[in-house]
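# Generate coordinates for the sequence data below:
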Amino acid sequence: MNEDEDEPEPQMVAVEQDPSGRYSRAFDESDGIEVAWNQVKVNDLVSSPSERERLFAEIRVLKQLKHKNIMSFFDSWLDQKNLTVNFITELFTSGTLRQ
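Got it, this is the predicted structure:
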């Protein structure tokens, strides 16, 4: 018997995961597809209720956009510990917009 056969398979651990557990950094666990994980530092923005509401209003607009020529926006959340807004979008691997 080979020693390696007794060892369990190594488990992959997500570096970062959204609050619902659906998205691990760059992967949609539910649909099994790669996604883009985006983060924006918001430092002072989250301290002002009016600025925070403006930010979330923009996010709501992005979530509603559905067009074949517009990147799909899947989800977002505010990480108050790290002061970032994280959002999950469609992943494009074919180059830049300029290309």
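
# now the helices for this structure?
Ranges of helices in the chain, per DSSP state H, are 3-6, 49-64.

# For those helices, give me JSON lines that also has mean neighbour count.
To be clear about C-beta, it is placed using only N, CA and C from the backbone, and glycine gets the same treatment. Output for the helices of the chain, formatted as JSON lines (neighbours: other Cβ atoms under 10 Å):
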{"stretch": "helix 3-6", "mean neighbour count": "6"}
{"stretch": "helix 49-64", "mean neighbour count": "12"}
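
# Go through those and find the least confident stretch.
Looking at the helices of the chain, the lowest mean pLDDT belongs to helix 3-6 (a mean of 54).

# burial measure for Val42, as a count.
Val42: 18 surrounding residues under other Cβ atoms under 10 Å.

# Look up how far Gly95 lies from the residue lying closest to Phe87 once chain neighbours are set aside.
Leaving aside its sequence neighbours, Phe87 sits nearest to Ser76 (Cβ to Cβ, 6 or more residues apart in numbering; 3.9 Å). Ser76 sits 25 Å away from Gly95 when distances are taken as Cβ to Cβ, to the nearest Å.

# Could I get the contacting residues of the residue nearest to Phe87?
59, 63, 85-88 (Cβ atoms under 8 Å, 6 or more residues apart in numbering).

# measure it to Ser20 for me?
With Cβ to Cβ as the criterion, Ser76 and Ser20 are 11 Å apart.

# so Ala26 makes contact with Thr93?
No. Counting by Cβ atoms under 8 Å, Ala26 stays clear of Thr93, with 11.4 Å between them.

# Look at those two and report which has more neighbours.
Ala26 (14 against 6).
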